[in-house]
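Undergrad: The following comprises the amino acid sequence and a computationally predicted model.
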Amino acid sequence: MTTLNLWNSTWSLDEKQCPCDVHFLEYLDMKGAKDAAIFHFGTGNHHIVGLKTATNGSNNAVLGITASRHEYDAYIDLLVQNPHIGHTYKAYFGDIYQLDRRLLPALDYASLFHVGEYRTKENDAYGALTDNDMVAVVADKLKPGGELLFYSGSFAYDKAEAAGAALVAKGVLEPKGEYKTLKILAKR
């Protein structure tokens with residue numbers, strides 16, 4: 001029987017080990033991002049990206065995805081205790097490698113910090129996208145000038161880097177530098 005490839009764990013915020021979400025929030029603040037549409041891969045049970053953008057006055061809207069039941073349960077608990085956060089922060093449970101471009105909005109920013117970290121042959125059993133295909137789907141939804149961000153500290157960064165390089169070679173994205181541990185590509 002084929003089952004969904006889950007992340008059978010959860011991620012609590014640990015800035016020393018994985019600072020990407022904190023760096024992303026700093027980056028958005030530095031850019032003065034307001035009223036932006038953001039896609040965020042890997043919510044963590046802390047949900048800091050959605051939580052902070054819902055409470056910092058930016059009015060940024062965040063759509064997050066997690067394949068962890070624990071993280072999704074933490075999102076439900078967060079909204080039950082803080083219903084106002086639900087206006088601009090939505091998280092859903094699923095396999096990012098099953099994205100359907102028709103269901104994604106036009107995006108100003110997309111954080112794909114965990115590309116390749118849990119994509120296995122288990123995903124192949126139900127026809128999931130490859131790393132390159134998933135990144136291409138998200139890049140396709142970026143507005144002109146919209147930014148795709150990768151985390152250079154990921155143990156699977158080589159897969160993210162390869163997916164980004166393929167889209168740069170096709171003329172879809174262009175390198176825009178880096179911010180701390182984040183590598184940034186922008187839609188042409």
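TA: Noted; the coordinates are in hand.

Undergrad: Wasn't F150 part of a strand?
TA: Yes - F150: assigned to a strand according to DSSP: H, G, I helix; E, B strand; the rest coil.

Undergrad: quick one: contacts for it?
TA: Contact analysis of F150 by C-beta atoms under 8 Å, 6 or more residues apart in numbering lists 112-113, 115, 157, 160-161, 164, 182-183, 185. Placement of C-beta: from N, CA and C, glycine included.

Undergrad: if you look at those, which of them are in strands?
TA: Assigned to strands by DSSP state E, the following of the contacts of F150 qualify: 182-183, 185.

Undergrad: what about burial for those, which qualify?
TA: With burial judged by 16 or more other C-beta atoms under 10 Å, the buried subset of those is 182-183, 185.

Undergrad: tell me which of the residues you listed is nearest to G64?
TA: Of all these, the one sitting nearest G64 is L182; the distance, using C-beta to C-beta, is 16.8 Å.

Undergrad: Any idea what the closest one is bridged to?
TA: Beta-bridge partners of L182, counted by DSSP bridges, are Y151, Y179.

Undergrad: for it, what are its contacts?
TA: 20, 23-24, 27, 149-152.
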